[in-house]
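Chemist: below are the sequence and a predicted model; questions follow.
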Amino acid sequence: MYSTLDVRLSGAERAFLRAVRHAGGSLHVADDRDRALAKACATAGVLAFIGGSNGLGVLGGRSSVSLTGKGHAYLDRLARAH
């Protein structure tokens, strides 16, 4: 089981995480604002960057994200809290 008690995300980051879940668990990151949100979520361990790498930028050109097990657990905990 994943511990989500140490995860601290802003409202915008939580909204992005929910958008990924509603998109089926993975999402293409199109713009810089979404990329910043995705990077913050990945740092918390709730998202992972997936896809091929062409050597571009900090993330190696990866432009899609996927929920991790910890991300699913975090969203489930949020849903139970409200």
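Modeler: Thanks, I have the structure now.

Chemist: can you tell me the closest non-neighbouring residue to the residue minimising distance to the centre of the chain?
Modeler: Nearest residue to the geometric centre of the chain (CA atoms, centre = their mean): L47, 3.3 Å. Sequence neighbours aside, C41 is the residue nearest to L47 in space, at 4.0 Å (criterion: CB to CB, 6 or more residues apart in numbering). To be clear about C-beta, it is placed using only N, CA and C from the backbone, and glycine gets the same treatment.

Chemist: what about G25, how many neighbours?
Modeler: A total of 13 residues lie near G25 under the criterion other CB atoms under 10 Å.

Chemist: for the nearest residue to it once chain neighbours are set aside, what are its contacts?
Modeler: In space, G25 comes closest to L67 once its chain neighbours are excluded; the distance is 4.9 Å by CB to CB, 6+ apart. Shown in contact with L67 (CB atoms under 8 Å, 6 or more residues apart in numbering): 17, 20-21, 25-26, 46-47, 75.

Chemist: Produce a PyMOL select command limited to the buried residues of those.
Modeler: Per 16 or more other CB atoms under 10 Å, the buried members of those correspond to this PyMOL selection:
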select buried, resi 17+20+21+46+47+75
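
Chemist: tell me the first helix or strand C-terminal of the helix or strand hosting A40.
Modeler: According to DSSP states H and E, A40 maps onto helix 32-44. Sequence-wise, the next helix or strand downstream of helix 32-44 (DSSP H and E) is strand 47-50.

Chemist: just checking, what packs against that next one?
Modeler: On a contact count with 3 or more CB pairs under 8 Å, 6 or more residues apart in numbering; DSSP states H and E, strand 47-50 meets helix 32-44, strand 64-67.

Chemist: what about the shortest one, distance to the chain center?
Modeler: Mean-position distance between strand 64-67 and its chain equals 6 Å (CA atoms, centre = their mean, to the nearest Å).

Chemist: the next helix or strand after it to helix 32-44, inter-axis angle?
Modeler: Proceeding N to C from strand 64-67, the next assigned helix or strand is helix 69-81, under DSSP H and E. Per axes from the mean of the first three to the mean of the last three CA atoms, to 10 degrees, the angle that helix 69-81 makes with helix 32-44 is 100 degrees.

Chemist: pLDDT on helix 69-81, on average?
Modeler: Averaged over helix 69-81, pLDDT sits at 91.
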